[in-house]
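# Structure of the sequence below:
(2 chains)
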Amino acid sequence: MRDYFHEIIRLINNNLRNDELFTAWFSAEELDYCRFNKGKIRQAGTVEQQYLSLDLIAHQKHTTTLLGLKKNLALDQDNIKKALQVMREQLTMSQIDPYHMMNEQVMSSENIISSQLEDRHSILNFILENVQGLDFVGSFVAGPIYRGFANSFGQINWFNKSSFILDSSIYHSQDKAIKINYSDIKFDRHVLNKKIAEAREDLAIYNKTPKIIEPGHYRVYFSPSAVHEIFSMINWGGFSHKSLRVKNSPLLALYNKDKSLSPKLSLYENIKAGVGPSFQSQGFLKPAQLNIIEEGQLKNTLISPKTAKEYSNDHNGADESENMSSMDMADGDLKENDILKTLDNGLFINNLWYLNFSDRQNGCITGMTRFLCHTVKNGLKDAPFNVMRFDDSIYNIFGDNLKHITKNREMIIDNDTYDERSTSCAILPGIIAEKVRFTL
Amino acid sequence: MIFKLNIMESYGKKADFWSVNILDEQHEELEYRQGVEEPIHTSKDGGALITVLKDGGIGYASTQDLSEQGIKRAFDQAYMWASMFARHSLLRGLALPFSAHKGIYNPNQDMVVSQVNLKDKLDLLKEACHALSGHELIVDTSASLWSIETVSHYFNSLGAQVEQRFFHNIPNLCATANKENVTQQRTFGGMRAYCYQGGFEKLVSLDLIGQARIVADEALQLVHAPNCPSDVMDVLIDPDQMMLQIHESIGHPVELDRILGDERNYAGTSFISLDMFGNYQYGSPLLNVTFDPSIPHQFASYGYDDEGMIAQKEYIIKEGILLRPLGGQVSMERSGIHGVANARVSSWNRPPIDRMANLNIEPGSSSFLDMISSIQKGIYLKSNSSWSIDDSRNKFQFGCEWGQLIDNGRLTSVVRNPNYRGVSSKFWRNLKMVGDERTFKVMGTPYCGKGEPNQCIKVGHASPICLFSAIDVFGGEQ
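The predicted structure follows:
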């Protein structure tokens, strides 16, 4: 695929005029997918896709196009030529973009994580044999992901890795289920067997009658997965410099120092520990690590080159979305074995679902509990409870009400496959917070 | 896009059944933000999804390479999935009833938006963006137009040949106002609700410049408005919020694949079970919900679904009683229940699953004034800004951009951050009045997510203004 990408760049270079520049983003994947329901296969298939995002620049104007590629150089050349022609016509009618920034310092790079995936058939057969008798549902996706960047100045960046994600659950009845997530670059049968065995044991809790939680305030343990859901919500514009400048970020009060978060909370954009490329779509390299929140204070925001130009700042290699892609939260000192004892009496929340802002400007988030959530009584696992809605401010949950952070952290690989597989991840601990508000 | 059907006719013989979905799609995205033209963005994509049935197994393969070699390679991949895992297939033993319909669907007779002079479109957006701004409290503005042209073909080994052409347009306006520590965003209907199918004439009829002035004015009103009070009251919901209410608490729970459990790990399950169809009292007798792919200009109107089934209007809920689910041919065969033609793909690289398409509430008989004057204490809500619901699609909480209190039969003060919450299975039974044709609006959204691998698809929702009694309403944090 790398050679094909280089050929595509050669085609672009060969078809440019002297007064034209380009940047190109290449995104491809070979995806095997399998959906399960009731321990059987509902849908399975393969996708092969290659896309080129081309930015044509001339006389301070630019225009972009996304082309589906055919992996046939003759056809691709024809399509690229036609696209360039259309873009040249568009440039004649376009205005100068005052916020456009090109990376003119050549910073080529290559990061290839060689495939250690075994044959997909043997993996799937292994999964299906080991979930026999269980109401197993979810999906398995696997295969290589490719990202590339090139520009007129000769910069070329390349990223390639092969990995798999098993995102699944085992149902007991109705909406009561145990989650099994497993993602890596190498499939280890022992790891999955252990996860399935643990899930089988955990299913026993559903033999108890679920409790109905009354609205009110509760002491809560949020697992790393639940913390990930909350931070994913905050990440929707929260750390974006542009969102802060147009006063629309849920962290505006933190930015303005009107409110603060707990000094226990530190958060980094940790590209070096992530699973995605270290370059962004305009070819700027991302810093290996960027301190976002330090001991409860906002230290840095994510600033794309475009935002930097608009608001006269320095950019820090952020993508245009200005979202974190390798979130890393500092650990605490709460040991895994002490979580129930420390929670004492409260709610143990393994998963959250369908979060949204209930009051964006004040950082208020609502969402539902999902999958294995149970009450804890006198430091012991008590009984599952029916789904419950929380609605609280991040300034409460991660502010004065944040009591403990776990020592253990989990690497959570983003399982998003809209359009293409995500290359984002997060390394997060669990937390204990008190007085968390539940409403319905 | 040229596809050599004869390749499949000869090469596909070893399959028990095959089908091919071919999609060719072109996008154009134009935007003015803060008075500055954003770079023009276009895209061109196409590919084929090949489906193979063999020995009770089903397999898929998607490719952008439509050469003979590419098609054969994709067929082999789909065949491999179907045959190798047939013994594990959930569909094993089912006689899948795919059809052999032939037809063309191409209802748009208006001027195609991509054919309109680029400068004219940019000038329109520039003027709309200008109309959004002009006040010191307006801190961000955007006027945009996203146009999509799609040609789809469906062929199968039974002889089906379907060609469909779609012209989707998604205009949007947004103004953000800020005063001290209060920020409010107002858009053109929220959720890009004024998306439609058709041509430039329809876009002109929307009067983007006039609407931009209203959006800006309402953003300024909101930033000066008090927080929404918390109380139990009547709620009068505009079509641009009804569409979200229909989508989340009727559309998703009645999707047959969710009821059959396919989505339990991702999008969720449903509080509806198969035994409820034909007898379950979903809402008050005023509630009439239809799957209607035939409404001109509605965002998800089509002639056939992506498994070649002819699409036609069906009642999902009639006089409050749940009649049939949203389920395509495969789900119907699995459940033994009649559904609708809604097996759809988001693109050539995803397999068909049960989707909403157009799901509408039929107009009632109440005028807007009748509804307002019937309310002692209530709130009029417009334009979705927040949505959250449990994985069984029961407990929900939705927020709106715009709220206006109603006291003793009169609209009174504007309030900011209005939210309401409830439980689907109870909420629809509190439907007290349904607006007449004059309150009915045809809307939709390009963003409905579901499926593993994930699929984001276009859906349509039309509704009159509706009145619900005794709803829990509240505002933001003070």
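
# So which residues on the stretch 201-350 of chain B come close to chain A?
Contact residues (C-beta under 8 Å from any C-beta of the partner chain) of the stretch 201-350 of chain B with chain A: B:L260, B:G261, B:D262, B:R264, B:N265, B:Y266, B:G268, B:T269, B:N349, B:R350. All C-beta spots, glycine's among them, are computed from the backbone N, C-alpha and C.

# check contacts around the fourth one.
B:R264 makes contact with A:N37, A:V137, A:S169, A:Y171, A:D175, A:A177, B:R258, B:D391, according to C-beta atoms under 8 Å, 6 or more residues apart in numbering or on different chains.

# so how many other residues sit close to B:V36?
15 (other C-beta atoms under 10 Å in any protein chain shown).

# Repeat that for B:L256.
Neighbours around B:L256, by other C-beta under 10 Å: 27.

# show me what contacts it?
Going by C-beta under 8 Å, 6+ apart, the list of residues near B:L256 reads B:P325, B:L326, B:G327, B:G328, B:S331, B:M332, B:R334, B:S335, B:I337, B:G339, B:D354.

# Quick check, the first one in contact with B:Y280.
This means B:P325. No: taking contacts as C-beta atoms under 8 Å, B:P325 lies outside contact range of B:Y280: 11.2 Å.

# so where do the helices sit in the chain?
Using chain A. For chain A, the helices defined by DSSP state H occupy A:2-14, A:73-93, A:120-130, A:189-202, A:224-234, A:241-245, A:252-255, A:305-311, A:339-343, A:394-395.

# looking at chain B here, not the other one
Using DSSP H, helices in chain B cover B:5-11, B:68-84, B:118-132, B:200-205, B:208-224, B:239-246, B:256-259, B:329-335, B:368-373, B:424-427.

# Now render those as JSON lines, adding mean pLDDT and distance to B:D45.
Formatted as JSON lines, the helices of chain B follow (pLDDT from 0 to 100; distance: least, C-beta to C-beta, whole Å):
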{"stretch": "helix B:5-11", "mean pLDDT": "86", "distance to B:D45": "21"}
{"stretch": "helix B:68-84", "mean pLDDT": "96", "distance to B:D45": "15"}
{"stretch": "helix B:118-132", "mean pLDDT": "97", "distance to B:D45": "21"}
{"stretch": "helix B:200-205", "mean pLDDT": "96", "distance to B:D45": "23"}
{"stretch": "helix B:208-224", "mean pLDDT": "98", "distance to B:D45": "27"}
{"stretch": "helix B:239-246", "mean pLDDT": "98", "distance to B:D45": "28"}
{"stretch": "helix B:256-259", "mean pLDDT": "98", "distance to B:D45": "26"}
{"stretch": "helix B:329-335", "mean pLDDT": "97", "distance to B:D45": "26"}
{"stretch": "helix B:368-373", "mean pLDDT": "98", "distance to B:D45": "43"}
{"stretch": "helix B:424-427", "mean pLDDT": "94", "distance to B:D45": "36"}
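
# Any idea which of the ones you listed gets closest to A:W158?
When the helices of chain B are compared by C-beta to C-beta, helix B:68-84 sits nearest A:W158, at 24.5 Å.

# Work out the gap between the closest one and the centre of the chain.
32 Å (C-alpha atoms, centre = their mean, to the nearest Å).

# if you look at that helix, does any of it touch chain A?
Yes: interface with chain A: helix B:68-84 contributes B:G70, B:A74, B:Q77, B:A78, B:W81, B:M84 (C-beta under 8 Å from any C-beta).

# tally of neighbours for A:N351?
21.

# give me the beta-bridge partners of it?
A:R370 (DSSP bridges).

# so who does it touch?
Listed by C-beta under 8 Å, 6+ apart, the contact set of A:N351 reads A:K179, A:S223, A:S225, A:A226, A:E229, A:T369, A:R370, A:F371, A:L372, A:C373.

# Can I get these in JSON lines including neighbour count and pLDDT?
Putting the contacts of A:N351 into JSON lines (neighbours: other C-beta atoms under 10 Å in any protein chain shown; pLDDT from 0 to 100) gives the following:
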{"residue": "A:K179", "neighbour count": "20", "pLDDT": "96"}
{"residue": "A:S223", "neighbour count": "24", "pLDDT": "98"}
{"residue": "A:S225", "neighbour count": "20", "pLDDT": "97"}
{"residue": "A:A226", "neighbour count": "27", "pLDDT": "98"}
{"residue": "A:E229", "neighbour count": "21", "pLDDT": "98"}
{"residue": "A:T369", "neighbour count": "24", "pLDDT": "98"}
{"residue": "A:R370", "neighbour count": "25", "pLDDT": "96"}
{"residue": "A:F371", "neighbour count": "25", "pLDDT": "94"}
{"residue": "A:L372", "neighbour count": "22", "pLDDT": "91"}
{"residue": "A:C373", "neighbour count": "25", "pLDDT": "96"}
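
# my guess is B:S230 contacts B:G476, does it?
No: counting by C-beta under 8 Å, B:S230 stays clear of B:G476, with 10.3 Å between them.

# which one of the residues of the stretch 201-350 of chain B next to chain A sits closest to chain A?
The shortest gap between chain A and any of these belongs to B:N265, at 3.7 Å (C-beta to the nearest C-beta).

# That closest one and B:S331, how far apart?
Separation of B:N265 from B:S331 (C-beta to C-beta, to the nearest Å): 17 Å.

# still on that earlier bit, could I have the PyMOL command that selects the buried members from the residues of helix B:68-84 next to chain A?
Those of those that count as buried under 16 or more other C-beta atoms under 10 Å in any protein chain shown are selected in PyMOL with:
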select buried, chain B and resi 70+74+77+78+81+84
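
# Is it possible to get JSON lines of the residues of helix B:68-84 next to chain A that adds distance to A:N72?
Shown next, in JSON lines, are those (distance: C-beta to C-beta, whole Å):
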{"residue": "B:G70", "distance to A:N72": "8"}
{"residue": "B:A74", "distance to A:N72": "14"}
{"residue": "B:Q77", "distance to A:N72": "18"}
{"residue": "B:A78", "distance to A:N72": "20"}
{"residue": "B:W81", "distance to A:N72": "24"}
{"residue": "B:M84", "distance to A:N72": "28"}
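
# That'll do, ta.
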